[in-house]
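1. fold the stuff below for me.
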Amino acid sequence: MIQEIAASRRLVTQLVASRARVSGARSLAVHPSGRELVALTLDPRGRPSAALVSRRGPGEHGPEWPAWPVHPDAYESEQATVACGPEGDIHLAWLARSGAKGARWLLYTRSEDLGASWTAPTLLHDPRRDGDASEPQLSVDGQGRAHLVWSAARHGETPARVWHAAADPRSAMSAPLALNSRGDARLARASMNHAAAGVTAVAWIDERYLSPRARGGDVVVGVFDEPGAPPREQRLTYSGDAVTASVLVDRGGVLHATWATAGGQVCYAQSTQGGQTWHDGAGAGMALEIQPTRGATPTLGLGLHPFREVIWLVWSVEDAERYSGEPDGGLVFLVSPNTG
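-> From the prediction side, this is the model:
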């Protein structure tokens with residue numbers, strides 16, 4: 001089923017923050033209590049920014065979103081990401097600058113009381129040694145182990161290294177581990193297992209085989225066989241035109257990967273062997289081409305049906321007329337009731 005989502009007609013919107021410029025409000029998590037949380041960075045006029053977590057709470061006139069400041073000392077905060085563990089822990093990571101021209105540092109904190117208090121921010125990435133951090137992404141597996149991945153590159157350099165750190169429940173983050181030693185990749189998307197499947201995977205765009213004029217890279221999925229050890233890499237594409245990718249692990253341990261090419265194609269593949277081999281979901285040893293048209297930024301998500309798992313995929317399109325008859329762009333929502 002393919003459906004275009006029009007926010008103005010079908011989604012209910014709520015104001016989370018006002019009277020300030022908000023950036024990085026792109027990470028949403030659901031607490032085991034049923035409260036939704038959104039991580040964002042707030043830039044009040046004339047004052048330093050703060051990394052915040054807003055939470056949905058009951059109120060007389062409907063939901064309220066009180067903001068909980070986490071790092072008000074930063075000159076500028078951005079790219080916040082949030083995730084919740086099965087026991088209710090809230091994990092938050094974000095980038096911060098110490099000055100107007102400062103490099104971006106990566107910090108992490110955790111709350112065990114729904115945001116009322118937070119651990120002291122932990123510095124995970126020092127830009128003076130490893131370059132500016134970017135695109136941090138958090139996820140928590142079924143055992144409550146938090147995973148954080150990000151990329152980093154020195155100023156003026158396009159290739160980057162992909163980093164990973166993890167924390168057991170109620171524990172500090174481990175020392176960062178570089179996933180690609182050559183420093184020639186861009187982080188695409190990380191997604192960890194959502195139940196006790198025992199599989200952790202990260203996807204990135206690898207540029208090591210390409211010429212300087214290449215329009216993209218190749219999709220590489222790294223699968224962690226044991227905590228603290230480097231991941232086992234599996235290269236999914238050889239065309240060199242992938243620009244963004246996602247990977248997800250379902251409750252049965254099946255890996256689902258999707259990516260977009262520079263030409264706007266959306267592709268999908270899955271692996272039932274821990275990333276050793278991949279197929280199109282029906283057994284054919286190739287990727288499934290979902291959309292052959294322009295304008296795609298895919299994000300892969302896992303829906304948990306009460307009796308079965310449902311995979312959904314959403315991406316943006318420039319030619320929405322193909323789906324809805326409208327000439328403008330939009331979002332396409334693809335649902336698979338049989339996990340791909």
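
2. does residue 125 touch residue 106 like I think?
-> Yes. With contact defined as C-beta atoms under 8 Å, residue 125 and residue 106 form a contacting pair (3.6 Å). Quick note: C-beta positions are derived from backbone N, CA and C, even for glycine.

3. so for those two, which residues contact both of them?
-> By C-beta atoms under 8 Å, 6 or more residues apart in numbering, residue 125 and residue 106 have these common neighbours: 133, 150.

4. and stretch 120-127, end to end?
-> Between the opening and closing residues of stretch 120-127 there is a gap of 20 Å (C-alpha to C-alpha, to the nearest Å).

5. contact partners of it?
-> If you take C-beta under 8 Å, 6+ apart as the criterion, stretch 120-127 is touched by 70-71, 93, 103-109, 133, 148, 150, 152, 163, 165, 172-173, 176.

6. can you flag the buried ones in these?
-> Restricting those to buried positions leaves 70-71, 93, 103-109, 133, 148, 150, 152, 163, 165, 173, 176, with burial counted as 16 or more other C-beta atoms under 10 Å.

7. please report phi then psi for the closest residue to residue 177 other than its chain neighbours.
-> Leaving aside its chain neighbours, residue 177 sits nearest to residue 164 (5.1 Å; criterion: C-beta to C-beta, 6 or more residues apart in numbering). Phi and psi for residue 164, reported as degrees, to the nearest 10, are phi -140, psi 140.

8. dig out what residue 164 forms beta bridges with.
-> Using DSSP bridges, the beta-bridge partners of residue 164 come out as residue 149, residue 177.

9. quick one: low-confidence ranges for the protein?
-> Applying pLDDT under 70 to the chain flags the ranges 1-21, 23-26, 44-46, 57-64, 155-159, 181-198, 208-214, 291-309, 316-333, 338-340.

10. helices along this protein, start to end?
-> Along the chain, the stretches classed as helices by DSSP state H are 7-10, 127-130, 321-324.

11. neighbours of residue 73, just the number please.
-> Residue 73 is flanked by 12 other residues according to other C-beta atoms under 10 Å.

12. one more: residue 143?
-> 13.

13. next up, the contacts around residue 255.
-> The neighbours of residue 255, taking C-beta under 8 Å, 6+ apart as the test, are 199, 201, 221, 223, 247, 248, 249, 270, 271, 274, 275.

14. if you set the cut-off to 7 Å instead, what comes out?
-> With contacts defined as C-beta atoms under 7 Å, 6 or more residues apart in numbering, residue 255 is in contact with 201, 221, 247, 249, 270, 271, 275.

15. spatially nearest residue to it (excluding sequence neighbours)?
-> When the adjacent residues along the chain are set aside, residue 255 lies closest to residue 271, with 4.4 Å between them (C-beta to C-beta, 6+ apart).
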